[in-house]
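Q: Generate a structure from the sequence data that follows.
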Amino acid sequence: MALIKSLRGFDPQIGNDCFLAENATIVGDVVMGDGCSIWFNAVLRGDVNSIRIGNHVNIQDGAVIHTLYQKSQTHIGDYVSIGHNVTIHGAKICDYALIGMGATVLDGAVVGEGAIVAAGALVLSNTQVEPHSIYAGVPAKKVKDVSPEQANEINKKIAHNYAMYAGWYSEDAE
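A: Sure thing, here's the model as predicted:
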C-alpha cells in the first residue's frame, strides 16, 4: 500500500477510484480528485504548501510534486499526464496538458490547457506556456502551436490509457 502520511495537521485526501502504487508517497496537504493514478516511486510532498490535483490525472513513475514554503502551491487540472521522472514545483498545470518524461516545471509557471511540455524540457519560474502549444528545450521555448484537436487527441489518449493501465492493477488484486 502507498505511504500516505499526515503532517502538520493535514491529512491527504484521495478521491474515488484512484490507483496508488505500493511505493508511491503522498504527504500532508494533498487533495486529489477521482480516477487518478499515482505510479511507482512518485512523491507528492504537501509538507510545506498545498498540492491540488483534479480528476483523472496520472502521475507516472519517479515524478516529484512539491511546492515552495509559504510562496507557491501546485495545481494540476483534470486529465493531465505527468510523465516519468518529472518534477513539478509550485506550478499550475491546466486541463489536458502533457508534461513529458524528465521535464521540470518551476514555481509560478503556468502550463496552458492542452499544452505539451517536451521530454527533458526546463520550464523556468513564471513562464506562461501557451495553451495548445509545444514547448521544448533548456530553458523551454515555444516550438509550435498545435490545433486543439491535435492536442486533445494526443493528450486525451495518454490520459485515458493510464486509466486503463491502472485498471489492470485492480483486476490483478481481485
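Q: looking at this, Ala159 is in a strand?
A: No - read with DSSP: H, G, I helix; E, B strand; the rest coil, Ala159 is helix and lies in no strand.
Q: and it, how far is that from Gly90?
A: Ala159 sits 23 Å away from Gly90, going by CB to CB, to the nearest Å. Where you see a C-beta, it was placed from the backbone N, CA and C, and this is true even at glycine.
Q: Determine the set of other helices and strands touching the longest strand belonging to the chain.
A: Longest among the strand segments of the chain by residue count, using DSSP state E, is strand 43-53. Applying 3 or more CB pairs under 8 Å, 6 or more residues apart in numbering; DSSP states H and E, we find strand 43-53 packed against strand 25-32, strand 64-66, strand 74-76.
Q: Parallel or antiparallel, list what pairs with the second one.
A: Within its sheet, strand 64-66 is paired with strand 43-53 (parallel), strand 87-89 (parallel), according to DSSP bridges.
Q: what's near enough to touch the closest residue to Gly90 other than its chain neighbours?
A: In space, and not counting its chain neighbours, Gly90 is closest to Ser72: 2.7 Å by CB to CB, 6 or more residues apart in numbering. Ser72 makes contact with Asn49, His89, Gly90, Ala91, Asp107, Gly108 under the criterion CB atoms under 8 Å, 6 or more residues apart in numbering.
Q: Rebuild those as a markdown table, extending it with pLDDT and distance to Pro131.
A: Converted to a markdown table, the contacts of Ser72 look like this (pLDDT from 0 to 100; distance: CB to CB, whole Å):
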| residue | pLDDT | distance to Pro131 |
| --- | --- | --- |
| Asn49 | 97 | 25 |
| His89 | 98 | 21 |
| Gly90 | 97 | 20 |
| Ala91 | 98 | 15 |
| Asp107 | 97 | 20 |
| Gly108 | 98 | 17 |
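Q: of all those residues, which comes closest to Val123?
A: Distance to Val123, by CB to CB, is smallest for Ala91 among the contacts of Ser72, at 7.3 Å.
Q: ok, Met1 - contacts?
A: Leu20, Glu22.
Q: Quick check: it vs Gly28, distance?
A: Met1 is 18 Å from Gly28, by CB to CB.
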